[in-house]
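Chemist: Sequence and predicted structure, then a few things I'm wondering about:
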Protein chains: 2
Amino acid sequence: MATIKEVAKLAGVSVSTVSIIINNKADERKISLETQNKVNDVIMKLNYQPSVAAKKLRSNEQDSYTVGIFWASDFRASYLNRIMIGIQDGMLQTKIPLDIVICPYDPGKLHLQKKLYNRNSYNAILIANTTEKDNEYIHKNVIPIPTVLYNRKSDIYHTVGIDNELAGRKAALHLISSGAKNIAMLCHKQKILGMTSRSKGFYDTCIENRIHIDEKNIYNIGATIHDGAEAAKELLKNKNIPDAIYCDSDSISQGLLYTFNRSNISVPDDVQVISIGMENSEYNKFFTPSITVVDIPLEKLAAKCMQVIEGVANHKITSPTHFEFETSLIQRESTINKI
Amino acid sequence: MATIKEVAKLAGVSVSTVSIIINNKADERKISLETQNKVNDVIMKLNYQPSVAAKKLRSNEQDSYTVGIFWASDFRASYLNRIMIGIQDGMLQTKIPLDIVICPYDPGKLHLQKKLYNRNSYNAILIANTTEKDNEYIHKNVIPIPTVLYNRKSDIYHTVGIDNELAGRKAALHLISSGAKNIAMLCHKQKILGMTSRSKGFYDTCIENRIHIDEKNIYNIGATIHDGAEAAKELLKNKNIPDAIYCDSDSISQGLLYTFNRSNISVPDDVQVISIGMENSEYNKFFTPSITVVDIPLEKLAAKCMQVIEGVANHKITSPTHFEFETSLIQRESTINKI
DNA sequence: CTGTTAGCGCCTTCAC
DNA sequence: GTGAAGGCGCTAACAG
């Protein structure tokens, strides 16, 4: 990237003249039009961009605390609202001025993000939605900047999350108490850490309660609404309608209902549906029928992440801290309350 | 904010010693434990934070182009996914390394964002979802950094948007062609520029086609699902069920359907429902019934914004440019196709 | 009208 | 083991 010096040299003027022109003070400082044009031409030619870093340094403005948010750029993007809302809440409670830099990354390819390892870019880092592979990588190659992991376990980084396995358990217990015997699971085919723990919790709880889940009743599918709708068609085609279905994420359950609603399958009378609630719970509440979920308080998690980051900034938090939030079962129309 | 110099002074050592310790090279450089502790104590006490700007400047790493995204932090947060997805697409096509800094602001209070006017923070700015007041402000007080407005009109800034009035017109024409005579409008009570243009387009088109919309059939409400559901209750209570309803945003229509579904009002047989589609269109598609929308291609808009910003960065775009995308009517179950 | 210079905070090299 | 000095890109004060 060209610097102001190079521009000055090529234009045959001094750096200060260039600086004046760049900052629209040419008229004020009565720089001749000729000089202005000359300089502007060189700026174009060299594709000069002022360095924000240098400007910041030069200005005496308080340096803000810069937080990089590494967020997996696949389907889970739809959770970004809830996360951002939480981050914002967290920010408001913070006295330090924060710059939030969004860094999308391909799931499974976190290792390509070099800025995690160079100390020049961020004061602190928040990483969301790592895959197993990503998680392994950052534990082998330790990030030298204070880092908070979102809904993951770690010995070396701060973490903020929920008890994923327990969330799965809660879903299972609800279905079992409402009389389900023949249960299917719609899980995500990608190995996302939180999700596999939840499925495990669900599965184990069923087994413990002598509800057998046949392997052919465990579907590994994508996580969009569309995938959910297609999965339902598959179920219908196989004439294999269980009496209850667990969905690893709410988009799946929403798609499921779409297909069921149009195939005269009645929920919850023919099939009960329960889901993990990641989306804004409003959607699940206003669906027809409304969907029973184990709700994950994403906003609270995100807000807590920001608080942890603030604690780190203040040097109030030094060694890795771990917060776990409670999930809550919200019973709605898609399951039967037998109690 | 304390600097490395102050730390050094208070600890009674030189700046380089402090620098070494900060960067975890104390062992390598054999700094005595005593000195380390002394320095670390001072760091704690002063709450020292290294300046990212200074680090960036010192490192020879390429300075990235910093874009500030000013995004209104109210309900429209839920569009952030779609926008971010578009931004990401736009970024991928860009060769310049981009830092995307998220700057939430309170709608109507854009003037509090001082960083818009200090040239030290961003190379370019994207502003989304201004209110009328915000828009006035930034046109009276011109931002001295290349700025793109999202879905707004301007003579002095770049803009990327849709023809909002035409979008409203399209919705009206569809309802009229499907035989609607008695139409209600559910509009947003806040004066959001894009929304009022759309409502105007809708209203004018109805009038032109001799469909009178009574004032009492125009509801100004909030824009959440919940607000939509409540509005529907209001309609029912007033025994004033029109034969078609226009919703200014899709959350409203989703809430509407929730209430109708539970009150034995059949859509589209009793009432047709059409909406402007801002949310991920998946939701509208998978609702019961699925919702007819005039779809706004948010992702495309956002991607184009990033392209404009790139053009500005390259000096390929100099004077204000304006892009307008087409909206498209997507007919679904909530309206009747009479053609 | 334009050029010279000092210094923002930090890190690296070199010297002691 | 530690300190002094230079320079990253930029702007403002001052000098001509």
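Modeler: It's in. Residues are numbered from 1 along each chain as shown, chains lettered A, B, ... in the order given.

Chemist: the strands in chain A, which residues?
Modeler: Along chain A, the segments classed as strands by DSSP state E run A:65-72, A:98-105, A:124-128, A:147-150, A:158-162, A:183-188, A:218-221, A:244-247, A:272-277, A:292-295, A:322-325, A:328-330.

Chemist: and the stretch 1-150 of chain A, which residues reach DNA strand D?
Modeler: Where the stretch 1-150 of chain A comes near DNA strand D, counting by C-beta under 7 Å from any atom of the strand, the residues are A:3-5, A:15-16, A:19, A:22-23, A:25, A:48-51, A:54-55, A:57-59. Glycine gets a C-beta too; all of them are placed from N, C-alpha and C.

Chemist: check those residues against DNA strand C, which are close?
Modeler: A:15, A:16, A:54, A:57, A:58.

Chemist: Just the buried residues of the residues you listed.
Modeler: A:54, A:57 (16 or more other C-beta atoms under 10 Å in any protein chain shown).

Chemist: quick one: which of the ones next to DNA strand C among the residues of the stretch 1-150 of chain A next to DNA strand D sit in helices?
Modeler: Secondary structure from DSSP state H places A:15, A:16, A:54, A:57, A:58 of those in helices.

Chemist: Max pairwise distance over the residues you listed: which two?
Modeler: Farthest pair in these (C-beta to C-beta) is A:16 and A:57. Separation: 17.3 Å.

Chemist: returning to what we had before: quick one: buried ones out of the residues of the stretch 1-150 of chain A next to DNA strand D?
Modeler: A:3, A:4, A:22, A:48, A:49, A:50, A:51, A:54, A:55, A:57.

Chemist: Show me those residues that map onto helices.
Modeler: Counting by DSSP H, these contribute A:4, A:22, A:54, A:55, A:57 to helices.

Chemist: surely the second one meets residue A:50?
Modeler: Pointing back at residue A:22 there. Yes: the criterion here is C-beta atoms under 8 Å, and residue A:22 meets it with residue A:50 at 6.4 Å.

Chemist: Need phi/psi at residue A:152.
Modeler: When read as degrees, to the nearest 10, the backbone of residue A:152 gives phi -140, psi 160.

Chemist: Count the residues that sit near it.
Modeler: Neighbour count of residue A:152, defined by other C-beta atoms under 10 Å in any protein chain shown: 22.

Chemist: go on, residue A:285?
Modeler: Around residue A:285 there are 19 other residues, counting by other C-beta under 10 Å.

Chemist: Likewise for residue A:238?
Modeler: Neighbours of residue A:238 (other C-beta under 10 Å): 10.

Chemist: Same question for residue A:312.
Modeler: 20.

Chemist: hmm, which helix or strand of chain A has the shakiest average pLDDT?
Modeler: helix A:80-92 (a mean of 76; mean pLDDT, DSSP states H and E).

Chemist: Please compute how far that helix lies from its chain's middle.
Modeler: Centroid separation for helix A:80-92 versus its chain: 11 Å, with C-alpha atoms, centre = their mean, to the nearest Å.

Chemist: just stretch A:227-235 next, same as before
Modeler: Mean-position distance between stretch A:227-235 and its chain equals 25 Å (C-alpha atoms, centre = their mean).

Chemist: measure the closest residue in space to residue A:298 that isn't next to it in sequence to residue A:250 for me?
Modeler: Distances taken as C-beta to C-beta, 6 or more residues apart in numbering or on different chains place residue A:82 nearest to residue A:298, at 4.0 Å, with adjacent residues excluded. Distance, residue A:82 to residue A:250, using C-beta to C-beta, to the nearest Å: 12 Å.

Chemist: ditto for residue A:235
Modeler: Applying C-beta to C-beta to residue A:235 and residue A:250 gives a distance of 18 Å.

Chemist: So those two - more neighbours on which side?
Modeler: For residue A:235 versus residue A:250, the count of surrounding residues by other C-beta under 10 Å is larger for residue A:250: 26 against 23.

Chemist: what is the mean pLDDT for stretch A:62-76?
Modeler: The predicted model gives stretch A:62-76 an average pLDDT of 81.

Chemist: ditto for stretch A:124-137
Modeler: 92.

Chemist: Let me know the distance separating the closest residue to residue A:40 other than its chain neighbours from residue B:314.
Modeler: Closest residue to residue A:40 apart from its sequence neighbours, by C-beta to C-beta, 6+ apart: residue A:21 at 7.0 Å. When C-beta to C-beta is the yardstick, residue A:21 and residue B:314 sit 19 Å from each other.

Chemist: ok, how many other residues are close to the residue nearest to residue A:293 when sequence neighbours are not counted?
Modeler: Distances taken as C-beta to C-beta, 6+ apart place residue A:277 nearest to residue A:293, at 3.2 Å, with adjacent residues excluded. If you count neighbours by other C-beta under 10 Å, residue A:277 ends up with 27.

Chemist: Contact partners for residue A:277?
Modeler: Residue A:277 is in contact with A:250, A:284, A:291, A:293, A:294, A:295, A:296, A:330, counting by C-beta atoms under 8 Å, 6 or more residues apart in numbering or on different chains.

Chemist: Which parts of chain A are helices?
Modeler: A:4-11, A:15-22, A:33-46, A:52-58, A:80-92, A:132-140, A:164-177, A:193-208, A:225-237, A:250-261, A:281-286, A:298-313.
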